[in-house]
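Enquirer: here is my input, please return the structure:
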Amino acid sequence: MASDSVRWSPTARSNSLEALVSRRVLLPGFVFVTLLVLWEFALPALGVQSYLLPTPSRILAALLGEYPTIVGHLVFTLKAFAVGFSLTVVSGYLLALAMSQSKVLETTLFPYVVIARSIPVITLLPLFIVWLGFGFASIVAISYLISFFAMVVNSLAGFKSTDEELVNMVRSFSATKREVFRNVHLYSSLPYVFAGIKIAVILAFTGVIVGEFLVGTDGIGYLILQYNNSLATPEMYASVLVVSLTQLLLFGIVVGIERRVVTWDHGNGTIW
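Expert: Take a look at the predicted model:
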C-alpha cells in the first residue's frame with residue numbers, strides 16, 4: 001500500500017512529467033541547436049560556398065528579405081492544397097462508405113482504386129496539360145491523385161473493422177440503419193479515417209508542390225524553381241524551410257482535431 005501511495009503521489013507524477021519533457025523536448029532541442037551551431041561555423045571554416053550550402057544565418061536573412069514574396073506564393077499553394085485535400089477527404093470517405101455497404105461495389109471499384117494509385121503521376125502529366133492546361137487545375141488534380149488512395153484504403157479498413165456483434169446488439173433494440181451507422185460504424189471507423197486524413201494531408205500538400213514544379217506558373221514550388229534557376233540558394237532554402245514548417249503545421253492541426261474528436265482511441269488504426 002505504501003508503495004502505491006508513493007507511485008501515484010504528486011511528486012512522483014511531477015518527476016515523471018519532467019523526465020518525459022526531458023526526453024521528448026530538451027534532448028531533441030539540444031541536438032537541434034548543436035547541429036545549427038556546427039552548420040553555422042563549420043561551413044565557412046571548410047570553405048563551402050554559399051551558393052552550394054548557405055549558413056543558417058544567411059537562410060534566415062533571405063527569409064526575412066523575401067518574406068512578402070514567399071508568403072504571396074505560399075497563399076496560392078495553400079489554396080490549391082485546400083481544394084485538393086478537401087476533394088480527397090470527401091470523395092475518399094464517401095467512396096469507402098459506399099464500398100463498405102456493398103460487397104459488389106467493393107469488388108467492382110477497389111481494383112480501379114489500386115490501378116489509379118499504381119500509375120506514376122508523371123506519366124499522366126501530358127493528359128493533365130491537354131485537359132486542364134498549366135496552372136491551378138492541373139496542380140489540384142496531381143494533389144488529388146497522389147492522396148486519394150490513402151484516404152480510401154484507411155476509411156474502408158475502418159468501416160470493415162466494426163464489431164458485428166455490436167452491430168447485431170444495436171439492431172436488437174430496433175435501431176434503424178442510419179442509427180446503426182451513426183452509433184456504431186461511424187465511431188468505430190473514426191481512428192482509421194483520421195489515420196487516412198493524416199496521411200492525405202501530407203501527400204496532398206506534397207502533391208501541390210510537385211504540381212507546381214511540373215506545371216505551375218505560381219506557388220511556392222514554382223518559386224523554389226525560380227530561385228534555383230537564378231542561383232539564389234539562400235532564398236531557395238528559405239522557401240524549402242517555409243514548406244516544411246507549413247506541412248508540419250497542417251499535420252499538427254489534423255492531429256489536434258483528432259484528439260478532440262477521437263477521445264477513446266489514440267495511435268491505433270493506421271494503415272499505410
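Enquirer: point out where the stretch 101-250 of the chain drops to low pLDDT.
Expert: Under the criterion pLDDT under 70, the flagged ranges of the stretch 101-250 of the chain are 163-185.
Enquirer: how about 90 then?
Expert: Within the stretch 101-250 of the chain, the segments meeting pLDDT under 90 span 101-103, 106, 109-135, 158-190, 214, 216-217, 231.
Enquirer: please enumerate the helices of it.
Expert: 103-118, 125-132, 136-160, 164-171, 177-180, 186-215, 220-229, 233-261 (DSSP state H, counting those that start in this stretch).
Enquirer: redo these as a markdown table? Include mean neighbour count and distance to Pro54.
Expert: All C-beta atoms are positioned from the backbone trio N, CA, C, and that covers glycine. Listed next are the helices of the stretch 101-250 of the chain as a markdown table, based on neighbours: other CB atoms under 10 Å; distance: least, CB to CB, whole Å:
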| stretch | mean neighbour count | distance to Pro54 |
| --- | --- | --- |
| helix 103-118 | 12 | 38 |
| helix 125-132 | 13 | 32 |
| helix 136-160 | 24 | 28 |
| helix 164-171 | 13 | 58 |
| helix 177-180 | 12 | 58 |
| helix 186-215 | 23 | 21 |
| helix 220-229 | 19 | 12 |
| helix 233-261 | 16 | 4 |
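Enquirer: so who does the spatially most central residue of the chain touch?
Expert: Nearest residue to the geometric centre of the chain (CA atoms, centre = their mean): Ile202, 2.4 Å. Applying CB atoms under 8 Å, 6 or more residues apart in numbering, one finds that Ile202 lies in contact with 247, 251.
Enquirer: gap between it and Ser102?
Expert: 30 Å (CB to CB, to the nearest Å).
Enquirer: likewise Asp218?
Expert: Counting by CB to CB - Asp218 and Ser102 are separated by 42 Å.
Enquirer: quick one, which of these two is more surrounded?
Expert: Neighbour count, other CB atoms under 10 Å: between Asp218 and Ser102, Asp218 has more, with 18 against 11.
Enquirer: who touches the closest residue to the more buried one other than its chain neighbours in this structure?
Expert: Using CB to CB, 6 or more residues apart in numbering and skipping residues adjacent in sequence, the residue nearest Asp218 is Phe76, 4.7 Å away. Contact analysis of Phe76 by CB under 8 Å, 6+ apart lists 136, 218-220.
Enquirer: what's the answer for Leu60, then?
Expert: Per CB under 8 Å, 6+ apart, neighbours of Leu60: Ala238.
Enquirer: what of Glu66?
Expert: Here Glu66 is in contact with 235, 238-239 (CB under 8 Å, 6+ apart).
Enquirer: phi, psi of it?
Expert: Dihedral pair for Glu66: phi -100, psi 10, per degrees, to the nearest 10.
Enquirer: domain parsing for this protein?
Expert: 2-46, 56-261 (automatic domain parsing).
Enquirer: gap between the last one and the chain center?
Expert: Same thing as domain 56-261. The chain centre lies 7 Å from the centre of domain 56-261; the measure is CA atoms, centre = their mean, to the nearest Å.
Enquirer: quick one: contacts for His73?
Expert: With contacts defined as CB under 8 Å, 6+ apart, the neighbours of His73 are 218-220, 222-223, 239.
Enquirer: how far away is it from Gln101?
Expert: Counting by CB to CB - His73 and Gln101 are separated by 43 Å.
Enquirer: what secondary structure does Pro54 sit in?
Expert: Under DSSP: H, G, I helix; E, B strand; the rest coil, the three-state class of Pro54 is coil.
Enquirer: thought it was touching Ala61?
Expert: No: the pair Pro54 / Ala61 is not scored as a contact, 9.1 Å apart, by CB atoms under 8 Å.
Enquirer: what is whichever helix or strand Val37 is part of packed up against?
Expert: Taking DSSP states H and E as the criterion, Val37 maps to helix 27-46. Helix 27-46 sits against helix 56-65, with contacts defined as 3 or more CB pairs under 8 Å, 6 or more residues apart in numbering; DSSP states H and E.
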